[in-house]
Each structure stands twice: as C-alpha cells, then as structure tokens.
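Undergrad: With the sequence up front, the predicted model follows.
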Amino acid sequence: MATPSVDSAIVTKRQFGDLIHTARAEKNLSLRRLASLSGVDYSRLARIEQGTRPAPDLTSIRTLAGVLELDLGELLVAAGTSRSVMEDLVWSERVRLGHAVTDLGAYRPGASRLLARNTFDGHVEKRHGALCTVRVGNALIRVLSFSRATSLRLVVPPETVSVSTALPINATTSSATALPARVTKVRPMGQLVNLVLAADGFELNALYAADRSELSPTRGDFVCVTLLTAAIHTTPLEEEA
C-alpha cells in the first residue's frame with residue numbers, strides 16, 4: 001500500500017506555530033501583547049500560529065525565543081533548520097555573544113562539517129614573534145602561533161569569515177588578512193546562508209545569517225574575504241606525528 005505524501009513545509013509551519021501558541025498561552029499573553037514585545041506584526045503572528053505563514057527571520061525568531069523563554073534551537077528546527085546546520089548556528093551564537101550559550105545545548109566545533117572544510121595545512125613563510133604568515137594554496141594568511149613548527153594546520157570558523165564587495169579599511173594590518181575570491185556556490189541553510197568561495201588555490205566557506213540584508217552575493221561574484229588573525233585556530237603539524 002502506498003504511503004500518503006505529506007507536505008513537509010505545511011508540517012513545519014504548524015509545528016512552529018504550535019510552539020509559539022503553546023508558550024504564549026502558558027504566559028497568558030495576548031497576540032497583541034506578544035506582537036508588541038517581539039516586534040513581529042500582529043496579523044503575521046496570528047497566521048504563523050494558524051500554520052498559514054512560515055516562521056519569520058532569524059532576528060525575530062531569536063526575539064520570540066527570548067520573550068517566550070523557548071529554546072532557540074528547538075524553534076529553529078521547527079522553522080525548517082536541519083540538525084546538522086544547528087551545529088554551525090550554535091557556534092555563531094557563541095561568537096556573537098562572546099560566551100557559552102547554555103540553552104542551545106552542547107557543541108563541539110570539531111564536529112562541524114563546514115569547520116572541517118575550512119581546515120588547511122600550510123607552510124610558515126615568515127615569523128615575527130607569535131605572528132606567522134602561512135602559505136595556503138597560493139595565498140598568504142596571517143595567524144598566531146607560539147610554536148616554532150614550520151608547518152601549521154589552520155582551522156577557520158566559517159562564521160568569522162567576512163565577505164564584502166570592497167576592501168575593508170585596515171584589512172591589510174597584522175590583525176587580518178584580505179583575499180580576493182569568487183563565489184562558486186550560495187547555499188541557503190534554514191536561517192543561515194553558506195557561501196563557498198574560490199580563493200587563490202584553495203576553497204573557503206563563509207556562514208552568515210540569512211536576514212543580513214547588506215550582503216546578497218550570487219554565484220560568480222568577485223568579493224573580498226577578510227580573515228581575522230585571532231579567529232584562526234592553529235596546530236603545529238609536527239606534534240601530530
């Protein structure tokens with residue numbers, strides 16, 4: 001017997017709306033009061049609870065989670081964000097807030113698939129104290145390392161990769177590395193967007209919130225990528241032998 005098909009988008013809308021409705025009822029909040037506290041339009045909130053409108057943007061979901069004291073991760077999954085993407089989002093939230101986010105659950109950066117793709121082995125070309133210039137592909141990247149190793153493994157968190165259409169001010173100082181790149185893929189990932197970037201001799205991944213209106217690159221665009229020196233994790237390769 002054939003299994004009846006289910007419209008997953010409708011199911012997701014209903015799941016998200018049910019979470020909002022239940023939490024609002026538990027707090028004895030009217031729709032108008034929740035709209036006032038969250039900044040989400042009253043009529044849109046009503047349709048979200050009814051399951052006829054999808055979840056709002058990431059900023060609004062974050063606000064709703066705070067007002068209703070809901071788990072942000074649970075809301076995002078109900079909004080259509082996959083569990084695998086949640087790993088990257090959790091790390092982004094921690095970087096944004098500057099400390100551990102307890103209500104998003106445990107997270108190991110090493111488990112992130114995007115982080116694994118942003119792991120590169122390079123040769124140290126120059127060294128000035130802890131500041132090293134490492135060659136990855138044909139590019140020279142500034143990192144910090146207190147090891148005297150001549151080869152380093154670099155791990156670049158994708159949420160710390162800044163992408164712009166012009167060279168940022170002070171991007172060529174010791175605190176950052178600016179590289180030209182071309183956008184090869186744009187991947188919507190729930191409330192996030194993953195950019196795959198072809199740099200000079202290697203591929204780099206960037207991750208940012210989908211509601212960031214100032215950036216909307218498309219495949220084939222040429223951009224400037226900025227890597228923060230202090231954000232790049234380094235490991236001496238000789239110690240792994």
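TA: Thanks, I have it.
Undergrad: As a check, name the ranges of all strands in this protein.
TA: Listed in chain order, the strands of the chain (DSSP state E) span 119-128, 131-136, 139-144, 151-155, 162-164, 176-189, 192-198, 203-209, 222-228, 233-236.
Undergrad: Packing partners of the shortest one?
TA: If contacts are counted by 3 or more CB pairs under 8 Å, 6 or more residues apart in numbering; DSSP states H and E, strand 162-164 sits against strand 203-209, strand 222-228. The way it works is simple: take the backbone N, C-alpha and C, and place the C-beta from them, glycine included.
Undergrad: swap the cut-off to 7 Å and go again
TA: strand 222-228 (3 or more CB pairs under 7 Å, 6 or more residues apart in numbering; DSSP states H and E).
Undergrad: okay if I get the strands of the chain as JSON lines plus mean neighbour count, distance to Leu58 and mean pLDDT?
TA: Output for these, formatted as JSON lines (neighbours: other CB atoms under 10 Å; distance: least, CB to CB, whole Å; pLDDT from 0 to 100):
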{"stretch": "strand 119-128", "mean neighbour count": "14", "distance to Leu58": "26", "mean pLDDT": "95"}
{"stretch": "strand 131-136", "mean neighbour count": "19", "distance to Leu58": "31", "mean pLDDT": "95"}
{"stretch": "strand 139-144", "mean neighbour count": "20", "distance to Leu58": "29", "mean pLDDT": "94"}
{"stretch": "strand 151-155", "mean neighbour count": "19", "distance to Leu58": "25", "mean pLDDT": "95"}
{"stretch": "strand 162-164", "mean neighbour count": "17", "distance to Leu58": "17", "mean pLDDT": "89"}
{"stretch": "strand 176-189", "mean neighbour count": "16", "distance to Leu58": "11", "mean pLDDT": "90"}
{"stretch": "strand 192-198", "mean neighbour count": "20", "distance to Leu58": "8", "mean pLDDT": "89"}
{"stretch": "strand 203-209", "mean neighbour count": "21", "distance to Leu58": "5", "mean pLDDT": "88"}
{"stretch": "strand 222-228", "mean neighbour count": "18", "distance to Leu58": "22", "mean pLDDT": "92"}
{"stretch": "strand 233-236", "mean neighbour count": "18", "distance to Leu58": "26", "mean pLDDT": "93"}
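Undergrad: I appreciate the help and will end here.
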